[in-house]
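Peer 1: 3D model of this:
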Amino acid sequence: MNNLKMIIPIVFLASCNSYYFPLLIETPQKIINSFKTYSLSEEYIQNQQYSFLTIALGQQNATFVLSSIENNIYTWVGRDNITFKTFRGIIISSVGLEHNFKLNNPIESIEQILKNNTGNLSFNFDNPRLYELQVSLITSKQSKEKIELSFSSDDINWDPKIFIEYGSKGLPIKTIQSLHPFLKPAKLNFYYKY
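Peer 2: As a prediction, this is how the structure comes out:
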């Protein structure tokens, strides 16, 4: 019986013609290459009509176009209606991801933290459902060019961090931010068309 178990796979492999065998060897490399981070050329950036951002979330990369600005909240829309909202470069909500979040009272809570170097943020998560998760500010480093904030939650094992770099016009040009306990930090690069 054991010999039969060995013969069947050998016969199967021997019957495969050489056309399929390289495909089996090349496929893992193609998969690995498709997830490599990409960089935009200067020509691509200059040819865009609208402000946009690029986001790297773990192994995935995407481009989002600026859809609207209301009360200094920027709405960025990508494929399949995935949406991010930002305030002063801080991501305050996501829609369309496997694990979405929303920052409660984003303008007031962010302004208080940036002004007083103290305070809390309150998050709602959709998967798994968790409402009003409080994270407390632990450290804050601020200058005209960048902001670094570290938080901690007593309720779950999550210590989110936010890093924002600002350009000469005071607009965010780069953000690295923890979004959700189940997601790797998001890395955003902002490109503005004035």
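
Peer 1: please name the nearest non-neighbouring residue to residue 102.
Peer 2: Distances taken as Cβ to Cβ, 6 or more residues apart in numbering put residue 93 closest to residue 102, at 4.3 Å, once the chain neighbours are dropped. To be clear about C-beta, it is placed using only N, CA and C from the backbone, and glycine gets the same treatment.

Peer 1: need the contact list for that neighbour.
Peer 2: 83, 84, 85, 100, 101, 102, 103, 106 (Cβ atoms under 8 Å, 6 or more residues apart in numbering).

Peer 1: for beta bridges, what are the partners of it?
Peer 2: residue 85, residue 102 (DSSP bridges).

Peer 1: distance of residue 50 from residue 172?
Peer 2: Between residue 50 and residue 172 the computed distance is 17 Å (Cβ to Cβ, to the nearest Å).

Peer 1: higher neighbour count, those two?
Peer 2: Between residue 50 and residue 172, residue 172 has the larger neighbour count (other Cβ atoms under 10 Å), namely 22 against 10.

Peer 1: so how far is stretch 113-126 off the chain centroid?
Peer 2: Its chain's average C-alpha position is 19 Å from that of stretch 113-126, according to Cα atoms, centre = their mean, to the nearest Å.

Peer 1: in that stretch, what's buried?
Peer 2: Within stretch 113-126, the residues scored as buried using 16 or more other Cβ atoms under 10 Å are 113, 119, 121, 123, 125, 126.

Peer 1: could the C-alpha coordinates of it be exported in CSV?
Peer 2: Only the C-alpha atoms of stretch 113-126 are listed here, as CSV (Å, rounded to 0.1, in the frame of the first residue of the first chain):
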residue,chain,number,x,y,z
ILE,A,113,-3.5,67.1,22.9
LEU,A,114,-1.4,69.3,20.6
LYS,A,115,-2.1,72.5,22.7
ASN,A,116,-1.7,71.1,26.2
ASN,A,117,0.6,68.0,25.7
THR,A,118,-2.0,66.0,27.6
GLY,A,119,-5.2,64.2,27.0
ASN,A,120,-6.9,61.1,25.6
LEU,A,121,-8.2,59.8,22.3
SER,A,122,-11.3,57.7,22.1
PHE,A,123,-11.6,55.1,19.3
ASN,A,124,-14.5,53.0,17.9
PHE,A,125,-13.5,49.8,16.0
ASP,A,126,-15.8,47.7,13.8
